[in-house]
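**Student:** pasting the structure only:
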């Protein structure tokens with residue numbers, strides 16, 4: 001599945017999946033994919049963001065997010081968070 005093409009408010013592809021910044025506080029969703037170059041995907045994978053892994057939105061402030069993945073809390077800026085497709 002190819003990610004990155006926009007189809008409406010926060011929707012990235014024809015399947016209408018969302019990116020992380022559009023999750024609400026306390027929401028838990030499954031990662032469907034990571035958009036971006038190989039280095040970006042590898043960087044996020046090293047932090048635990050891999051396809052099929054559940055993530056929980058802890059909080060958001062100004063587009064920056066705190067997520068829980070694999071039992072750890074990780075803070076991401078909105079540029080990185082937009083690359084995680086749920």
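**Tutor:** Arrived safely, thanks for sending. No experiment lies behind these values; they were computed from the predicted model shown.
**Student:** mind checking the longest helix of the protein?
**Tutor:** For the chain, the helix with the greatest residue count under DSSP state H is helix 38-46.
**Student:** What is the neighbour count of the closest residue to residue 19 other than its chain neighbours?
**Tutor:** Spatial nearest neighbour of residue 19, chain neighbours left out: residue 82 (4.8 Å); criterion: C-beta to C-beta, 6 or more residues apart in numbering. (Glycine included, C-beta is placed from N, CA and C.) Residue 82 is flanked by 20 other residues according to other C-beta atoms under 10 Å.
**Student:** now swap in residue 68 and tell me
**Tutor:** 15.
**Student:** how about the helices of this protein, start to end?
**Tutor:** 38-46, 78-81.
**Student:** for the shortest one, packing partners?
**Tutor:** It refers to helix 78-81. strand 64-69 (3 or more C-beta pairs under 8 Å, 6 or more residues apart in numbering; DSSP states H and E).
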